[in-house]
Every structure is written in C-alpha cells, then in structure tokens.
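Trainee: below are the sequence and a predicted model for it; my questions follow.
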Amino acid sequence: MGSTEPGAAPASAGGTMRAVVQDRYGPPDRLRLAQVDRPTISDEEVLVRVQAAGVDRGTWHVVTGRPYLMRVLGFGFRGPKNPVMGLDVSGTVEAVGAGVTRFSPGDEVFGISRGSFAEYAAAREDKLARRPADCTPLQAAVLPVSGGTALQALHDAGRGEAGQRVLVLGASGGVGSYAVQLAKAAGAEVTGVCSTSKVDLVRSLGADEVLDYTRDDVTDGTRRYDLVLVIGGNRSIPKLRRALAPKGTLVIVGGEEGGRWTGGFGRSLRAPLLSPFVGQRLTMLVAKERAADCERLAELVQAGKVTPAIDRTFPLEQAADAVRYVEAGKARGKVAVTI
C-alpha cells in the first residue's frame with residue numbers, strides 16, 4: 001500500500017477490490033458485483049477498509065435516478081457519476097491523505113463515504129467520526145445518513161425542545177426509528193405513526209403513544225402537536241396542518257407522493273412557500289453530511305439513549321436485494337450490507 005504514516009500522501013489506489021457497481025440508472029437488477037480498482041484518495045480523504053454499509057432510501061433514488069430532478073442537480077444524466085453504490089460506512093482506516101490530521105491507520109471509524117458497497121471506500125475527513133466502543137461496526141454503519149437526518153430534522157429544522165408534543169410520521173423506518181429515540185432523549189412526549197406490523201417496534205423505541213395509520217387518522221383534527229416530523233406517507237400539507245398546534249412546526253423530511261420529475265420533493269418545496277401566509281411554521285429539510293452529527297450520535301449511543309434498530313443484513317453480493325427490501329417498505333428500522 002505504500003506509506004501509511006499520518007500526514008503522508010498514501011499510494012492507496014494500488015490493487016483491486018470487490019464492489020457493487022451500476023453503469024446506468026434503472027431497477028436494482030442493474031446492480032452487479034465487479035472487480036474494480038481501489039479508490040484513490042485526495043489529501044483531505046481517508047481510505048476505509050469497509051466492514052459494513054448502511055442502506056437507506058436515498059440509495060434507491062440513486063440507483064433508479066428518480067426523481068429526475070436529481071439528474072438535473074448533478075447526480076449524472078444517464079447513470080450515477082460514481083458507479084460504486086453506498087454512502088453509510090463503518091470500518092477501519094487503511095490509509096490517510098497528506099492533509100488528514102484527525103485519523104491514523106488502524107482507527108475504527110464510521111460516517112459517510114463515496115461508494116461503501118465495496119471492500120474499500122474513500123471518505124472526506126470531515127464526514128467521519130470515531131466509532132464508539134459500545135457500538136458494533138454493524139450498528140455504526142446504519143447511523144450516519146438516517147441518524148444524521150433525524151437529528152437535523154428534530155433540532156435544526158424543527159427546533160425541538162423538552163416538553164413538546166412531537167409526532168413522527170413514518171416512525172418505523174430508518175430515519176423515523178432514530179427520530180423517536182432522539183425526541184425522547186430531548187425530553188419530548190412522542191407519538192409515532194406506523195403500520196400494524198410495526199407497532200411493537202415503535203413502542204420498543206420509547207414512543208409514549210403509537211398509532212396504526214390503518215386504523216387511526218392522525219390528521220382528523222382531534223390531536224394537536226407542537227412539532228410534526230413527516231418522514232413517510234403522502235398526506236397533503238392541508239391535512240398535515242390539522243395535526244399541528246396553532247403555533248406548531250411542520251418539518252417535511254420525505255415522502256412517497258409526486259411524479260417522476262420531483263417525487264415527494266414537490267410537497268417539500270410547497271411547505272416553506274406557504275409558511276409566511278399561515279400561523280404555523282412549515283418547513284423542509286435538506287440534510288447535510290457532517291462529522292459533528294456522527295459524533296453527537298456516537299455520544300448518544302454511548303449514553304444508552306439511542307440504539308440502532310437493525311432489521312436485516314445482506315452480504316455484499318446481495319446488495320440489490322437489500323435495496324429492494326428497503327424500497328418495498330418492509331424494513332423495521334435499518335438494513336445493512338456486510339462486507
């Protein structure tokens with residue numbers, strides 16, 4: 001591998017590795033296991049020997065190239081710019097760039113990389129954190145994207161506070177399972193909404209009340225919440241406002257409505273446009289990728305306030321099945337690929 005001393009520019013591109021790649025957008029069937037060159041890292045990057053990789057709904061969007069707005073925003077027109085799939089990563093530092101000061105070879109890290117469905121992945125130093133001792137590599141692999149999104153939805157966009165009544169729509173999924181735990185850790189009274197088969201999971205995460213959306217209409221106006229986090233579903237903004245207190249805050253994180261061009265992002269864009277004309281605060285979240293969130297999540301895991309809920313794991317060669325499983329809405333919490 002050449003020099004791996006901290007501060008040295010490593011010869012990290014030598015050799016090949018197994019990786020899940022995709023040349024053109026399409027269904028998960030387009031994903032294939034291939035032998036490719038190991039990634040070359042820049043001065044500010046770290047080469048990670050991957051132990052596990054998280055699978056989030058965003059991965060499905062990158063695989064399919066939908067909504068088409070993604071392609072306009074720079075993800076690539078006919079296929080993803082980076083052919084190796086995966087963002088969430090957990091593993092061991094193999095080599096560091098010349099400008100890296102926070103990590104050394106051998107460190108156990110987790111965070112967000114470029115292409116984690118592989119034996120090696122490159123990641124920027126400012127998107128990695130040290131893996132907490134009480135967190136397994138598998139648990140760490142499913143924290144960064146979904147956990148970071150939930151953290152930003154609750155605290156940055158939602159301005160969550162102790163004592164608030166918080167409603168989480170989509171409480172049983174990757175982001176939702178963290179949102180429930182984070183809201184409880186912040187001292188809120190939490191209600192989670194999910195399907196019948198996942199009520200037990202959401203209750204086990206600490207929700208004070210769990211509503212089954214097949215039986216209860218949380219937007220019928222009989223219940224009011226200070227903060228509503230919309231992570232799943234396709235309810236319209238007028239319906240969602242019925243669940244809000246007069247001065248409450250609505251944060252739209254994701255959803256399944258919309259056409260091929262904007263997908264659920266269309267509803268997200270409409271919320272802040274409507275907000276100035278109503279008494280409630282309506283906003284959306286565009287999540288950022290940052291090490292600070294990973295470090296905060298690591299502290300909460302160490303304190304026993306957050307525990308990743310892992311439904312299933314898939315070996316690297318079955319990464320396409322993992323993406324299908326998440327897209328089908330079957331996951332109870334998080335899904336991971338093991339290397």
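Mentor: The structure has been received and is ready for your questions. Numbering: from 1, shown residues only.

Trainee: where does the prediction get shaky in the protein?
Mentor: 1-14, 64-81, 255-266 (pLDDT under 70).

Trainee: now the helices for it?
Mentor: Remark: helices assigned in the chain by DSSP state H are 57-64, 69-70, 137-141, 144-151, 174-185, 199-204, 237-241, 265-274, 291-302, 319-327.

Trainee: so which of those gets nearest D37?
Mentor: helix 319-327 (18.9 Å; CB to CB). C-beta here means a position set from N, CA and C on the backbone, and glycine is covered the same way.

Trainee: measure how far the closest one is from the centre of its chain, please.
Mentor: 15 Å (CA atoms, centre = their mean, to the nearest Å).

Trainee: again, but for stretch 236-253
Mentor: 23 Å.

Trainee: end-to-end on it?
Mentor: 14 Å (CA to CA, to the nearest Å).

Trainee: buried ones in it, by neighbour count?
Mentor: For stretch 236-253, the neighbour count (16 or more other CB atoms under 10 Å) marks I237, L240, R241, A243, L244, A245, G248, T249, L250, V251, I252, V253 as buried.

Trainee: from G254, how far off is P272?
Mentor: 15 Å (CB to CB, to the nearest Å).

Trainee: who's more crowded, the two?
Mentor: G254 (26 against 13; other CB atoms under 10 Å).

Trainee: how does this structure divide into domains?
Mentor: 16-143+308-338, 146-284 (automatic domain parsing).

Trainee: A298: which of those domains is closest?
Mentor: domain 16-143+308-338 (4.3 Å).

Trainee: list the contacts for R235?
Mentor: With contacts defined as CB atoms under 8 Å, 6 or more residues apart in numbering, R235 is in contact with L169, T219.

Trainee: now it: how far from L269?
Mentor: In terms of CB to CB, R235 sits 16 Å off from L269.

Trainee: ok, now E161?
Mentor: E161 is 27 Å from L269, by CB to CB.

Trainee: ok, back up a step: mind putting the domains of the chain in a markdown table, distance to R290 included?
Mentor: Output for these, formatted as a markdown table (distance: least, CB to CB, whole Å):
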| stretch | distance to R290 |
| --- | --- |
| domain 16-143+308-338 | 7 |
| domain 146-284 | 7 |
